[in-house]
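Student: predicted structure and sequence below. I'll ask about it afterward.
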Amino acid sequence: QEQLVESGGGVVQPGTSLRLSCVASGFSISDYAMHWVRQAPGKGLEWVAVMSYDGSDTHYAVSVKGRFTISRDTSKNTLFLQMNSLRVEDTAVYFCARDVRGGWFDPWGQGTLVTVSS
Amino acid sequence: QSALTQPASVSGSPGQSITISCTGTSRDVGGYNYVSWYQQHPGKAPKLIIFDVTNRPSGVSNRFSASKSANTASLTISGLQAEDEADYYCCSYTSTTTLFGTGTKVTVL
């Protein structure tokens, strides 16, 4: 069964860092582009970042560019999101999702909550 | 990177049909056939219900259908059922960015 499981969320202070993990099972992340998407409490979905299937290309939303870094460890079939200089407005549930082809996101993980608060 | 525009809410009675619009620009919705739709129940992850503008994944009810005209995509739910009450998001993909819609809350009266 193809599945994604995120972890690493928590409560942190503004200006600090956090690294999220997303472990894939049932498929290889080396075969697909992988995305991070977030959802602030009570708000809509916001795309955050993508890594291409071969790991050679990454792109970020304007709101996180320069602060967040997407990466992966193919030996562990795991996707990461390194989040630096966190802001209150980064508070959200963070989902990872597989891009089957052309923005066809399936499956999604269950999400991990990041709360940035002083 | 502005979100695609959706109505905040749409409602209908069981058995009725409703349509949700998703308006973008020629640089996103209108420029590519990579529009997808997601259903999200409270506290759950989004679920893919439409990809490539009009296609349904295996296992998704044929009560869901979609289309696109110029810069606006649309999702129609026919024969509305109680289980369809959820939030719905459109999504437009390009090779360098992805935009989600503002989201529509569907209420079954």
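Tutor: Received it, and whenever you're ready, just let me know what you need.

Student: rest of the way, CA atoms for contacts and neighbours
Tutor: Noted.

Student: pLDDT weak spots in chain B?
Tutor: B:1 (pLDDT under 70).

Student: which residues of it fall in strands?
Tutor: B:9-12, B:18-23, B:35-40, B:47-50, B:64-69, B:72-77, B:86-93, B:98-100, B:104-108 (DSSP state E).

Student: among the ones you listed, which is nearest chain A?
Tutor: strand B:86-93 (5.0 Å; Cα to the nearest Cα).

Student: okay, and the residue positioned nearest the centre of chain A sits in which element?
Tutor: Central residue of chain A (Cα atoms, centre = their mean): residue A:36, 3.1 Å from the mean position. Here residue A:36 sits within strand A:33-39, counting by DSSP states H and E.

Student: in CSV: the strands of chain B, plus mean neighbour count and distance to residue A:87.
Tutor: Output for the strands of chain B, formatted as CSV (neighbours: other Cα atoms under 10 Å in any protein chain shown; distance: least, Cα to Cα, whole Å):
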stretch, mean neighbour count, distance to residue A:87
strand B:9-12, 16, 30
strand B:18-23, 21, 30
strand B:35-40, 25, 26
strand B:47-50, 22, 28
strand B:64-69, 18, 37
strand B:72-77, 21, 34
strand B:86-93, 26, 25
strand B:98-100, 26, 22
strand B:104-108, 21, 27
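
Student: count the neighbours of the closest residue to residue A:93 other than its chain neighbours for me.
Tutor: Leaving aside its chain neighbours, residue A:93 sits nearest to residue A:113 (4.2 Å; criterion: Cα to Cα, 6 or more residues apart in numbering or on different chains). Using other Cα atoms under 10 Å in any protein chain shown, residue A:113 is surrounded by 22 other residues.

Student: again, but for residue A:75
Tutor: 9.

Student: could the C-alpha coordinates of stretch A:29-48 be exported in PDB?
Tutor: What follows is stretch A:29-48, C-alpha atoms only, in PDB (Å, rounded to 0.1, in the frame of the first residue of the first chain):
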ATOM      1  CA  ILE A  29      10.400   8.700  -4.000                       C
ATOM      2  CA  SER A  30      13.100   8.500  -6.600                       C
ATOM      3  CA  ASP A  31      10.400   7.800  -9.200                       C
ATOM      4  CA  TYR A  32       8.300  10.800  -8.500                       C
ATOM      5  CA  ALA A  33       8.300  14.500  -7.800                       C
ATOM      6  CA  MET A  34       7.400  15.200  -4.200                       C
ATOM      7  CA  HIS A  35       5.800  18.200  -2.600                       C
ATOM      8  CA  TRP A  36       5.100  19.900   0.700                       C
ATOM      9  CA  VAL A  37       1.800  21.600   1.200                       C
ATOM     10  CA  ARG A  38       0.600  23.400   4.300                       C
ATOM     11  CA  GLN A  39      -2.700  24.400   5.800                       C
ATOM     12  CA  ALA A  40      -2.900  27.100   8.500                       C
ATOM     13  CA  PRO A  41      -5.600  26.500  11.100                       C
ATOM     14  CA  GLY A  42      -9.000  27.100   9.600                       C
ATOM     15  CA  LYS A  43      -7.500  28.200   6.300                       C
ATOM     16  CA  GLY A  44      -7.000  26.700   2.800                       C
ATOM     17  CA  LEU A  45      -4.200  24.700   1.200                       C
ATOM     18  CA  GLU A  46      -0.900  26.500   0.300                       C
ATOM     19  CA  TRP A  47       1.700  24.900  -1.800                       C
ATOM     20  CA  VAL A  48       5.200  25.100  -0.200                       C
END
